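Chemist: Please find the sequence and the predicted model below.
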Amino acid sequence: DTGVSQDPRHKITKRGQNVTFRCDPISEHNRLYWYRQTLGQGPEFLTYFQNEAQLEKSRLLSDRFSAERPKGSFSTLEIQRTEQGDSAMYLCASSHRGARVYNEQFFGPGTRLTVL
Amino acid sequence: QQQVKQSPQSLIVQKGGISIINCAYENTAFDYFPWYQQFPGKGPALLIAIRPDVSEKKEGRFTISFNKSAKQFSLHIMDSQPGDSATYFCAAANTGNQFYFGTGTSLTVIP
């Protein structure tokens, strides 16, 4: 399967703990996005990378959240001092600049985070 | 505030019927309007998308109708099938990379 992959698929943690998620985009895609999706809502944009550069961050991304994309390949999203309100599905998507279809974003299966 | 408003929240359609989901937006800078389909436990998958320079786009049983002056667009699913049962999200984006998603429509197609 050459789609976007995310690891882990599920994470249960206690409030106050740190968690880290990983996203592996489609190999030739130079753009990578993180979204958060809560129950009954559409995905909400968190941040976006072009290659290794983080170009855009949503105001939703508090200081407890940090994302990296070293070497412009996989990306990690870390949440420090988790809160119950962080419980959500975290989605990663990738796209290729210059794709024939305008900015088509391919989504991974998501990581479901539950903070107890 | 919600940049893209989607309705209805849920929809039940008989097999073979037409499913219609509507979205509205305010930001006239948006120039790309995709629809995504999401099954439980899966990430959203692109279904069909339209640019504002056309009023309609059809791919198989799926059609987007776009009304630029009203700032509205809709998804029509013809001959709805039980396998179409999923959550559908409309979205809008401008030349940047931030997608704004609607709140989703849960579609159930009854055999």
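Modeler: Perfect, I can see it now. Numbering: from 1, shown residues only, chains lettered A, B, ... in the order given.
Chemist: only C-alpha atoms for contact and neighbour calcs from this point on.
Modeler: Noted.
Chemist: For A:Ala88, list the residues it contacts.
Modeler: A:Arg36, A:Gln37, A:Thr38, A:Leu39, A:Arg112, A:Leu113, A:Thr114 (CA atoms under 8 Å, 6 or more residues apart in numbering or on different chains).
Chemist: What sits closest to B:Leu46 if chain neighbours are left out?
Modeler: The spatially closest residue to B:Leu46, leaving aside those adjacent along the chain, is B:Tyr36, at 4.5 Å (CA to CA, 6 or more residues apart in numbering or on different chains).
Chemist: likewise A:Thr20?
Modeler: A:Glu78 (4.3 Å).
Chemist: What residues does chain A have near chain B?
Modeler: A:40-45, A:48, A:91, A:102-110 (CA under 8 Å from any CA of the partner chain).
Chemist: And the residue nearest to B:Leu46, how close does it get to B:Gly43?
Modeler: Using CA to CA, to the nearest Å, B:Tyr36 is found at 9 Å from B:Gly43.
Chemist: re earlier: what bridges to the residue nearest to B:Leu46?
Modeler: B:Leu46, B:Phe89 (DSSP bridges).
Chemist: can you check B:Ile110 too?
Modeler: B:Gln14.
Chemist: That one contacts B:Ile12, doesn't it?
Modeler: Yes. Using CA atoms under 8 Å, B:Ile110 is in contact with B:Ile12, at 7.2 Å.
Chemist: which other helices and strands contact the worst-scoring helix or strand of chain A on mean pLDDT?
Modeler: Least confident element among the helices and strands of chain A, by mean pLDDT, DSSP states H and E: strand A:53-57 (a mean of 89). Counting contacts by 3 or more CA pairs under 8 Å, 6 or more residues apart in numbering or on different chains; DSSP states H and E, strand A:53-57 is packed against strand A:44-50.
Chemist: Thank you kindly, that will do.
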